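1. Any chance you could fold what I've pasted below:
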Amino acid sequence: MANNVFGNPISDATVKLLPRYKDKETITATDRAQVALQYKNTEDKDTDALTYVDKLKNSYGNGVSTLCLIYNATGDALTFINSHDWYGHIGDAPYPSRLENGQWGAYLHVHDSGAASGSVAATVYRGKNGDGDECDWMISWNNPWNRWFFNNTVYTEIREAHHYENDYWGYIYDKLKDCGLVNHDTWNGCYSTVTTGSSTSPKLEAVLTLESVKKTILGNNY
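-> Next up is the predicted model:
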């Protein structure tokens, strides 16, 4: 397991340990996603991920940066596909190349040293919806240098596999600038939610999951 990945995978065997599922013949992706959401903050894996990215920030020092945390509750593995930098670059730790269901990934994105620019970027992970169809989850963040006139924003969307091999980054940047501190998307049975803060080095938290279990995050009245 990579240094910036945290938590034990939530597998069929994990799900079967719970009384609700022990007699269920077939464990589905929805079952695994549901349990992953329930276990999101267990075994200190969320704390370990945050501690890790805090250490990256302390090592980096002052300057605009984004402390990024991604949680996989899709029921299957997520694989890093690509990233896009409008301003800034990835810090000392790479984007996690693979996140199993139930795992956190952590990384720091930083502004370009000596430049009056912020930390503005996007990353794409590929996984599957509940029917086994491949989908690409995209999360993006806008942590600008100019704090007098602009606040931080986040934007997320989910599309078919290979969608982001096309150059949609201008469109995405325009959408990103018009969003706020919270954003979410539902597409083809998938769901993602992203939140951030207003500081110059905020925490960004993204949860990628399935539409069928998003009420675990939002409550029953969604």
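
2. Just the helices from this structure, written as ranges.
-> Along the chain, counting by DSSP state H, helices occupy 12-16, 29-38, 45-60, 169-177, 215-218.

3. Which other helices and strands does the fourth one contact?
-> When contacts are defined as 3 or more CB pairs under 8 Å, 6 or more residues apart in numbering; DSSP states H and E, helix 169-177 sits against strand 78-87, strand 119-128, strand 134-143, strand 153-160. For the C-beta atoms, the positions are set from N, CA and C on the backbone; glycine is no exception.

4. Name the residues of the last one that are buried.
-> It refers to strand 153-160. Using 16 or more other CB atoms under 10 Å as the burial criterion, the residues of strand 153-160 that qualify are 153-159.

5. Contacts for that strand next, please.
-> With contact meaning CB atoms under 8 Å, 6 or more residues apart in numbering, strand 153-160 is reached by 134-142, 172, 175-188, 190-196, 204, 206.

6. got the contact list for Asp131?
-> Per CB under 8 Å, 6+ apart, neighbours of Asp131: Gly189.

7. brain fart, Leu18
-> So Leu18 contacts Val35 (CB under 8 Å, 6+ apart).

8. Just the pLDDT for the closest residue to Gly91 other than its chain neighbours.
-> Excluding its sequence neighbours, the residue lying closest to Gly91 (CB to CB, 6 or more residues apart in numbering) is Leu108, at 3.6 Å. At Leu108, the predicted lDDT confidence score is 98.

9. Check Tyr222 too.
-> For Tyr222, pLDDT reads 40.

10. Which secondary structure element of the chain has the lowest mean pLDDT?
-> The helix or strand of the chain with the poorest confidence is helix 215-218; it has a mean of 70 (mean pLDDT, DSSP states H and E).

11. Next, format the helices and strands packed on helix 169-177 as CSV and append mean pLDDT and distance to Gln103.
-> Output for the helices and strands packed on helix 169-177, formatted as CSV (pLDDT from 0 to 100; distance: least, CB to CB, whole Å):
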stretch, mean pLDDT, distance to Gln103
strand 78-87, 98, 9
strand 119-128, 98, 12
strand 134-143, 98, 14
strand 153-160, 99, 19
